[in-house]
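Participant: Here is a sequence together with a model predicted from it:
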Amino acid sequence: MTAISEAIKTIKEAENNADELVNDSKAKSVEMIENAKLESDNIIKDAKESAKDQAKDIIFKIEENARKEARLIIDKTEKNVNIFENESRSNIDEAASIIVKNIL
């Protein structure tokens, strides 16, 4: 009988150990899932910040290029205005000369 009692006791201990292992495994899996969620949230947050920084850099470069292009257009326009202005002045002199000739 002692052998049967010992066997039952050993089986009970094994069941308790198995239950404990199952509970520990459940607790560890919950912890691992929580850690994985936190890590994925951090990865997503970092990716968003990186994307925002890249977007800011791209916008800055586009704006800088637009300013340069605008400056080129302004310079070209000012040059053309000066050319037209000079041509107009020479025409004014010629027109004034024609008017004077017609009056006299």
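Facilitator: Structure received.
Participant: what stretches of this structure score poorly on pLDDT?
Facilitator: For the chain, the stretches with pLDDT under 70 are 1.
Participant: can you map out the helices along it?
Facilitator: Secondary structure of the chain (DSSP state H): helices at 2-103.
Participant: burial count for residue 9?
Facilitator: Neighbours of residue 9 under the rule other CB atoms under 10 Å: 10. To be clear about C-beta, it is placed using only N, CA and C from the backbone, and glycine gets the same treatment.
Participant: Could you measure from it over to residue 67?
Facilitator: Residue 9 sits 86 Å away from residue 67, going by CB to CB, to the nearest Å.
Participant: and residue 98, what is it in contact with?
Facilitator: By CB atoms under 8 Å, 6 or more residues apart in numbering, the contact list for residue 98 is empty.
Participant: begin at 47 from here
Facilitator: Sure, I'll start counting at 47 from here, so that last one is residue 144.
Participant: Please report how far it lies from residue 136.
Facilitator: 13 Å.
Participant: Please apply the same query to residue 99.
Facilitator: 56 Å.
Participant: For residue 68, the count of nearby residues, please.
Facilitator: For residue 68, using other CB under 10 Å, the count is 10.
Participant: One more: the one 3 residues further on?
Facilitator: By the measure other CB under 10 Å, the count of residues near residue 71 is 10.
Participant: How far does stretch 134-150 sit from its chain's centre?
Facilitator: How far stretch 134-150 lies from its chain's middle: 64 Å, per CA atoms, centre = their mean, to the nearest Å.
Participant: ditto for stretch 104-115
Facilitator: For stretch 104-115, the distance to the chain centre is 17 Å (CA atoms, centre = their mean).
Participant: just stretch 94-102 next, same as before
Facilitator: Taking the mean of its C-alpha atoms, stretch 94-102 sits 2 Å from the chain's own mean (CA atoms, centre = their mean).
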